[in-house]
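[1] Sequence first, then the predicted structure:
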Amino acid sequence: MREKSVFKMNGFAALILALLCIIFGVYLLVTGTEIPGKVAGVFVVLLGLIIATSLTVVQPNEAKVLTFFGTYLGVIRDQGLWATIPFTFKRSVSLRVTNFNSEKLKVNDLEGNPIEIAAVVVYKVRDAAKALFDVENYKNFIQIQSETGIRHIASTYAYDSFGTTENTLTLRQNSDEVADVLVSDLQKRLEVAGVDVIEARIMHLAYSSEIASAMLQRQQAQAVLSARKVIVDGAVGLVKAAIDQLAEQEIVELDEEKKAQMVNNLMVAIVSEKGTQPIINTGSIY
């Protein structure tokens, strides 16, 4: 089924013609004294009513799909009052941009972790004929297929990479890239309904309640380890700079044992979470 144009003409002219026919027919019925006059009056009134059945009003960003005794005729997209083929059944289809929020879905991500995910989908009808005749109810079809697409995308990617260096997309860290993939997936699913997906973006993403606390501890541990790594890397740089500077300026000559002791003391002082208490050596350093 494809959208196509149907015959139409100015509706105001048809409306005036219908009114004139009805008025003239009534006049013939009232004033006519012979049977041919009354028959002519009935015929003219029926003609006016037939013309009236061809009238239809099309609102802005709306399409009227016309069928004639079960046969699809075409679509009127232009706004205004139009006259078309009489006795046609006219169904309205909104062409406005529409959005809906999906329900919170419980899905297992790529690593098998249960997560809760929901998305907002923005779409508009491109082909009114396909939306009405190729699917049973295009709004329900869009909602169900969108939830199916969201489940598919959620199971394709992991929730988080937890600091790994692999170049992989995750639901939490790569929201824009995942949104593009979701739009592409939904467009393929909704093509049969004549719908264009404008945007689809994850609006809710969280671990399920049964593992939320454990995953929070994992994230906290990962953050602590990352912070510790930064501190250790900085401490190593500081210790190396201190030893090199002492050697270059010939302030003191340290053997390997003293260097090791100095490295140990400096690392403990820098890396320790609590403040260190200095101890002054009043004797020989040996």
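    Here it is on my side, so go on.
[2] tell me the contacts of residue 1?
    Contact criterion C-beta atoms under 8 Å, 6 or more residues apart in numbering gives 72, 129, 130, 133, 134 as the residues in contact with residue 1. No exception for glycine: its C-beta is placed from N, CA and C like everyone else's.
[3] typed the wrong thing, it's residue 156
    Contact criterion C-beta under 8 Å, 6+ apart gives 110, 181 as the residues in contact with residue 156.
[4] Can you tell me which residue is spatially central in this structure?
    Residue closest to the mean C-alpha point of the chain, counted by C-alpha atoms, centre = their mean, is residue 200 at 1.4 Å.
[5] State the distance from it to residue 238.
    Distance of residue 200 to residue 238, given as C-beta to C-beta, to the nearest Å: 49 Å.
[6] Please apply the same query to residue 27.
    From residue 27 over to residue 238 the distance is 107 Å, taken as C-beta to C-beta.
[7] Also residue 68?
    For residue 68, the distance to residue 238 (C-beta to C-beta) stands at 86 Å.
[8] The closest residue to residue 189 other than its chain neighbours: which element?
    Using C-beta to C-beta, 6 or more residues apart in numbering and skipping the chain neighbours, the partner closest in space to residue 189 is residue 145 (4.4 Å). Secondary-structure element containing residue 145, defined by DSSP states H and E: helix 138-156.
[9] Only the C-alpha atoms, please, for that helix, written as CSV.
    Output for helix 138-156, consisting of C-alpha atoms alone and laid out as CSV, is shown next (Å, rounded to 0.1, in the frame of the first residue of the first chain):
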residue,chain,number,x,y,z
TYR,A,138,-0.1,1.9,14.0
LYS,A,139,0.1,3.6,17.4
ASN,A,140,0.1,0.2,19.3
PHE,A,141,2.4,-1.2,16.6
ILE,A,142,4.9,1.6,17.2
GLN,A,143,4.8,1.2,20.9
ILE,A,144,5.3,-2.6,20.9
GLN,A,145,8.0,-2.5,18.2
SER,A,146,9.8,0.3,20.1
GLU,A,147,9.9,-1.7,23.3
THR,A,148,11.2,-4.7,21.3
GLY,A,149,14.0,-2.5,19.8
ILE,A,150,14.9,-1.1,23.2
ARG,A,151,15.2,-4.7,24.6
HIS,A,152,17.4,-5.7,21.7
ILE,A,153,19.7,-2.7,22.1
ALA,A,154,20.0,-3.2,25.9
SER,A,155,21.0,-6.8,25.4
THR,A,156,23.6,-5.9,22.8
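[10] Report all helices and strands that the helix or strand following that helix contacts.
    Where DSSP H and E defines the elements, the next helix or strand beyond helix 138-156 is helix 175-190. For helix 175-190, the elements it packs on are strand 114-125, helix 138-156, strand 195-207, judged by 3 or more C-beta pairs under 8 Å, 6 or more residues apart in numbering; DSSP states H and E.
[11] now these as TSV including distance to residue 93 and mean pLDDT?
    Written out in TSV, the entries for those read as follows (distance: least, C-beta to C-beta, whole Å; pLDDT from 0 to 100):
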stretch	distance to residue 93	mean pLDDT
strand 114-125	6	92
helix 138-156	8	92
strand 195-207	11	90
